[in-house]
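Q: sequence first, then the predicted structure, then my questions.
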Amino acid sequence: MSLPSEIDVAIIGAGAAGLGAARALENSGLSTIVLEARQRIGGRAYTVVAGRGDSPVAAPDITFDVGCGWLHSADRNSFVEIAEQLNLEIDKTRPPWREQSFDAAFPPKERADFIKALDEFYDRAEAAAKIGRDSAASAYLEPGNRWNPMIDAISTYVNGVELDSVSILDMEAYEDTGINWRVRHGYGLLVLSYGAPCPRAVNTKVTLIDHSGKRVRIETSQGTLSAGKVIVTVPTNLIADESIRFHPALPTKVDAARGLPLGLADKVMLALDEPDTLPKDGSLRGATMRTAMGSFHLRPFGQPCIEGFFGGRFARELEDAGDGALAAQAIDEIVALLGTDFRRRLKPLAASRWARDPFARGSYSHALPGHAGARAVLAAPVDGRLFFAGEATSPNFFSTAHGARDSGERAAREVMGATKP
Ligand SMILES: Cc1cc2nc3c(=O)[nH]c(=O)nc-3n(C[C@H](O)[C@H](O)[C@H](O)COP(=O)(O)OP(=O)(O)OC[C@H]3O[C@@H](n4cnc5c(N)ncnc54)[C@H](O)[C@@H]3O)c2cc1C
């Protein structure tokens, strides 16, 4: 769609939040457009078929969710009903996160000991959060506990950062019902299909939102348009760095975004030769006593592949090390756990580099200690004309795709409430 010169509601960003807002406004009588900097919609929801086309490796087609993969809190996840309406198959296989497929790599007794230490850490943090004073989650690690580095590793997967950067109040606000499903052909495909009807302009990067006049003037890489109202859904790091600017400036929003930076989680997909020797939907992790280590999902959906997951400072180091570093690290770790034969059997197919993605600059938001209240500050409308959505504005499902979508719907309701009949 080409850029109109005037619109009732401009939505900035075509991720789950922006698409959620646009879908909620579709019968409102208001004209809308989603302005998206990338060539594609979906944002951090992105499915690729790895192994297809000009991949250097001959491999069967493999569904790879480069961003979100799990329908977290599936019994309360609004994308579940949407997937059903779109006839997209949902896989309810339990996630293997707390299990381990190879006893030799992590003996059952050691594993039970680790899970106990992990649960005790969560209990201490929860009890502290109930008192209502914020602090860094790392303060609730038991001093000297041998599992602390691995508990921190779990934080790098869940929060994208180590526990010293995580607010306990924010951690406790997150609602996890413990039910996690997947979309067989990709969560990214689900978000893409959901957003397909939305009017949008892709390859349209917004640089300035000028709300000094009667109407809001939006400068983009494709020209300027004027809007009655604007819903901003871009990731926090872009607001914090003022990569998208407001005039007059909105220091409260910039500060809130700085308190909610995006942590880093990166994934790598490896094709697996002779797959039948490994269990379907298995899990592999070593008792390495390090924070800097990957976690591996064996044969997701039974596919002939292994998906590796890295988080926090280690993921950042691997991105800095350049193309191929994530895959090389994953292969080294799997070989150390399962044997040298795997060096021959594994081939890199695709990997993410979310910190280097100019329109994400990270993976998902976490509140820094002392900044749990920033989510509500970021979400608050300005002047009845600027509205804010995106995963970071969700009070209890932040860092997720459904939390993002629901926040878009919330912002759409605010827009309609602020629109005089
Ligand atoms: C590796 C990884 C694993 C994850 N795993 C899960 C999971 O299992 N389950 C889950 O629920 N969630 C998961 N997430 C998180 C989930 O993907 C995000 O929370 C969600 O997709 C964010 O949606 P959003 O709309 O808030 O932001 P985004 O999807 O980032 O959308 C914002 C959009 O704004 C666009 N944009 C940015 N700047 C501009 C600009 N200047 N002008 C115009 N457009 C702009 C971006 O290109 C983007 O399309 C994961 C994320 C990552 C990276």
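A: Sure thing, it's come through.
Q: for the stretch 251-400 of the chain, just list every one of the helices.
A: Assigned by DSSP state H, counting those that start in this stretch, the helices in the stretch 251-400 of the chain fall at 251-258, 312-320, 325-338, 341-345, 374-379.
Q: which of those sits closest to F79?
A: When those are compared by CB to CB, helix 374-379 sits nearest F79, at 20.0 Å. For glycine as for every other residue, the C-beta is placed from the backbone atoms N, C-alpha and C.
Q: quick check, the closest one touching the ligand?
A: No: remark: helix 374-379 sits outside contact range of the ligand, by CB under 6 Å from any ligand atom, the gap being at least 11.3 Å.
Q: what's that helix packed up against?
A: Packing partners of helix 374-379 (3 or more CB pairs under 8 Å, 6 or more residues apart in numbering; DSSP states H and E): helix 251-258.
Q: what packs against the helix it packs on?
A: Applying 3+ CB pairs under 8 Å, 6+ apart, we find helix 251-258 packed against helix 236-240, helix 374-379.
Q: CA atoms only for the first one, dumped as PDB, please.
A: Presented in PDB, the C-alpha positions along helix 236-240 are these (Å, rounded to 0.1, in the frame of the first residue of the first chain):
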ATOM      1  CA  THR A 236      11.900  -0.300  23.800                       C
ATOM      2  CA  ASN A 237      15.500  -0.100  22.700                       C
ATOM      3  CA  LEU A 238      14.500   2.100  19.800                       C
ATOM      4  CA  ILE A 239      12.600   4.500  22.000                       C
ATOM      5  CA  ALA A 240      15.400   4.500  24.500                       C
END
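Q: from D170, how far off is the residue positioned nearest the centre of the chain?
A: With distances taken as CA atoms, centre = their mean, the residue of the chain nearest its centroid is Y364 (4.4 Å). Per CB to CB, to the nearest Å, Y364 is found 12 Å from D170.
Q: need the overlap of contacts for those two.
A: Both Y364 and D170 are contacted by F398, under the criterion CB atoms under 8 Å, 6 or more residues apart in numbering.
Q: what sits against S399?
A: 159-160, 174, 364-366, 391-392.
Q: please name the nearest non-neighbouring residue to it.
A: Of all residues not flanking S399 in the chain, Y364 sits nearest, at 3.8 Å (CB to CB, 6 or more residues apart in numbering).
Q: in the stretch 101-250 of the chain, which spans are strands?
A: Counting by DSSP state E, counting those that start in this stretch, one finds strands in the stretch 101-250 of the chain at the ranges 181-183, 200-201, 206-210, 216-220, 223-232, 245-247.
Q: the last one near the ligand at all?
A: When you say that, I think you mean strand 245-247. No: applying CB under 6 Å from any ligand atom, one finds strand 245-247 separated from the ligand by no less than 9.6 Å.
Q: between the helices and strands packed on helix 251-258, which one is closest to V80.
A: Judging the helices and strands packed on helix 251-258 by CB to CB, what sits closest to V80 is helix 374-379, at 23.5 Å.
Q: ok, and for that closest one, which residues are buried?
A: Within helix 374-379, the residues that count as buried by 16 or more other CB atoms under 10 Å are 374-375, 377-379.
Q: same question, stretch 77-90
A: Using 16+ other CB under 10 Å as the test for burial, stretch 77-90 gives 77-80, 82-83, 88.
Q: now, of the strands of the stretch 101-250 of the chain, which is deepest in the fold?
A: strand 181-183 (a mean of 24; mean count of other CB atoms under 10 Å).
Q: residues of the stretch 251-400 of the chain that sit close to the ligand?
A: 265, 267, 352, 354, 359-360, 363-364, 390-391, 399-400.
Q: if we use 8 Å, what do you get?
A: 265-267, 309, 352, 354, 359-360, 362-365, 389-392, 397-400 (CB under 8 Å from any ligand atom).
Q: among the residues you listed, which ones are in strands?
A: When those are checked against strands (DSSP state E), the matches are 265-267, 309, 364-365.
Q: reformat those residues as a markdown table; add distance to L238.
A: Below are those laid out as a markdown table (distance: CB to CB, whole Å):
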| residue | distance to L238 |
| --- | --- |
| A265 | 18 |
| D266 | 19 |
| K267 | 22 |
| F309 | 24 |
| Y364 | 14 |
| S365 | 12 |
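Q: in a markdown table: these, plus pLDDT.
A: Shown next, in a markdown table, are these (pLDDT from 0 to 100):
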| residue | pLDDT |
| --- | --- |
| A265 | 98 |
| D266 | 98 |
| K267 | 98 |
| F309 | 97 |
| Y364 | 98 |
| S365 | 98 |
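Q: just these now: which is nearest K92?
A: Of all those, K92 sits closest to F309, with 20.6 Å by CB to CB.
Q: contacting residues for the residue nearest to the closest one when sequence neighbours are not counted?
A: Excluding its sequence neighbours, the residue lying closest to F309 (CB to CB, 6+ apart) is S295, at 4.8 Å. Taking CB under 8 Å, 6+ apart, we find S295 in contact with 97, 153, 157, 283-285, 308-310.
Q: good, we can wrap up now.
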